[in-house]
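Colleague: model the following, please.
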Amino acid sequence: MKLLLDTCTFLWFANDDPKLSPVAKRWIEDGASEVFLSAVSSWEISRKYELQKLALPEPPEVFLALHREANRFGYLPLDETDLIHSSRLPLHHRDPADRMLIAQASLRGLTILTPDPMFRSYAVRVIW
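Modeller: I've put the predicted structure just below:
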């Protein structure tokens with residue numbers, strides 16, 4: 001299965017946070033699944049770090065690369081098609097970062113690992 005991590009899911013996994021559901025953790029560690037981290041999450045993490053709303057043990061560029069490489073997470077770039085699709089989604093969810101993740105998952109047939117119940121309002125598969 002191809003999985004897309006919500007930003008909080010990536011952070012909770014990277015920090016071994018108990019907020020990560022056991023089901024999500026099993027899917028991430030499965031070994032048979034392809035797991036992706038979106039450029040959207042990289043942007044969101046970097047922005048929150050800069051605004052001092054997110055503490056990290058090292059700068060985002062180091063933290064992201066370290067955990068992406070250690071866990072063999074694929075990098076999912078954001079392109080113009082994703083952005084246009086995100087603007088055409090119904091307004092169930094108003095967070096632009098989450099809407100971009102939903103668009104990426106929808107266009108690529110990815111399953112999103114997220115605790116956010118609003119993602120289920122869209123035509124994407126969600127696991128938590």
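Colleague: residue 124 against residue 102, yeah?
Modeller: Yes: the pair residue 124 / residue 102 is scored as a contact, 5.8 Å apart, by Cβ atoms under 8 Å. For the C-beta atoms, the positions are set from N, CA and C on the backbone; glycine is no exception.
Colleague: which neighbours do the two have in common?
Modeller: residue 112 (Cβ atoms under 8 Å, 6 or more residues apart in numbering).
Colleague: more neighbours: those two, which one.
Modeller: Taking neighbours as other Cβ atoms under 10 Å, residue 124 and residue 102 compare with residue 102 leading, 30 against 21.
Colleague: so the more buried one sits against residue 93, correct?
Modeller: Yes: counting by Cβ under 8 Å, residue 102 touches residue 93, with 6.9 Å between them.
Colleague: overlap in contacts, those two.
Modeller: Shared contacts of residue 102 and residue 93, counting by Cβ under 8 Å, 6+ apart, come down to 119, 122.
Colleague: hey, where'd the strands end up in this structure?
Modeller: 2-5, 34-38, 74-76, 111-113, 125-127 (DSSP state E).
Colleague: rebuild those strands as TSV, extending it with mean pLDDT.
Modeller: Converted to TSV, these look like this (pLDDT from 0 to 100):
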stretch	mean pLDDT
strand 2-5	98
strand 34-38	98
strand 74-76	98
strand 111-113	98
strand 125-127	97
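Colleague: how much space separates the nearest residue to residue 25 once chain neighbours are set aside from residue 27?
Modeller: Closest residue in space to residue 25, ignoring its immediate chain neighbours: residue 13 at 6.8 Å, by Cβ to Cβ, 6 or more residues apart in numbering. For residue 13, the distance to residue 27 (Cβ to Cβ, to the nearest Å) stands at 10 Å.
Colleague: many thanks, I have nothing further to ask.
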